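Q: predicted model follows, preceded by the sequence.
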Amino acid sequence: MLTSFVFFLVVVQLLSPTPRPTAVRNPVGPQANLHMRVKNYTLNADNFLDALTKVATQFRLPMGVQWSENKATMRKVSRSWSNVDVQKVIQELVKAQQGYEFDVSDGVLHVFPKWTKSSRQDFLSLKLPKFVVRDQVPETATHQLRDLVKQTVSPPSPKPGAAGGTGFSQGADVGEREISLRLQNATVRDALDGIALVSDRKIWVVTYTDEPLTPTGFRGTRTLWISTIAYNEQPVWDSVRWGDEIPPSK
């Protein structure tokens, strides 16, 4: 269950490739909307991710997407459906992409490559003994989460006199509402889900690259706005609101 708690520093540990645990949260989310019947629905999108986020926006689905850009995922999508439920729409979009699956857990719809289910190369499976945020805007919560993950994915090299910190930042809007969140024994994926459920940034996106693995053995990532991210800035992701425009390919 999501509760407020005082923030304190936690240590990130690796999660072995086992089935995803259930996070401690209320079972709210897209289940009801997934079973909503749609009389007529037409979707036109620039690519696979754009299609997924448009469906998420249309039917108010909290969503987490793990993907990479290639010839198949970057094809334009133009589809129409009649007298189907929303889950059928998602199912057919995902089925059209070889090697992808979807599931719904803890109130969030996830779309992901099959390889991530049993791979130590995916930072989303890193385990957080505790992740606590109190009265912070989502951008600050995301930065806090990323600092924890970087301790394992891209730990800093000790340099005498060097200051800590990272160069990547995700913009926050003026007036964005503050959130509170407390998770125990959760993965990075669970933490991103938690932020999505309690904030207006209902969609998180991890974009994997084809670059060599990081020195610590993880798949590289990039943002939707920045095409190249240095090893010492890994990992990165995007958190967007329903209706936000997805930028073209980098």
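A: In hand now; what should we look at?

Q: where are the low-confidence patches of this structure?
A: 1-30, 158-174, 249-250 (pLDDT under 70).

Q: dead centre of it: give me the residue that sits there.
A: Per CA atoms, centre = their mean, the C-alpha nearest to the average position across the chain is that of W204, at 3.4 Å.

Q: excluding chain neighbours, what is closest to that residue?
A: L192 (4.5 Å; CB to CB, 6 or more residues apart in numbering). Placement of C-beta: from N, CA and C, glycine included.

Q: checking the one you found next. Helix, strand or coil?
A: Three-state call for L192 (DSSP: H, G, I helix; E, B strand; the rest coil): helix.

Q: ok, now which ones touch it?
A: For L192, the contacting residues are G64, L124, L145, W204, W237, S239, by CB atoms under 8 Å, 6 or more residues apart in numbering.

Q: if you rank these by neighbours, which is first?
A: Sorting the contacts of L192 by how many neighbours each has (other CB atoms under 10 Å) puts L124 first, at 26 neighbours.

Q: quick check: it touching V206?
A: Yes - counting by CB atoms under 8 Å, L124 does reach V206; the two are 6.6 Å apart.

Q: just to revisit the earlier point, need the phi and psi values for the residue nearest to the centre of the chain.
A: Main-chain dihedrals, W204, degrees, to the nearest 10: phi -110, psi 150.

Q: give the contact list for it.
A: By CB under 8 Å, 6+ apart, W204 lies in contact with M63, G64, V65, L192, D193, I195, A196, W237, D238, S239, V240.

Q: what packs against the helix or strand harbouring K88?
A: Using DSSP states H and E, the element containing K88 is helix 86-95. In this structure, helix 86-95 packs against helix 31-34, strand 37-45, helix 48-58, strand 77-85, strand 100-105, strand 108-113, with contacts taken as 3 or more CB pairs under 8 Å, 6 or more residues apart in numbering; DSSP states H and E.
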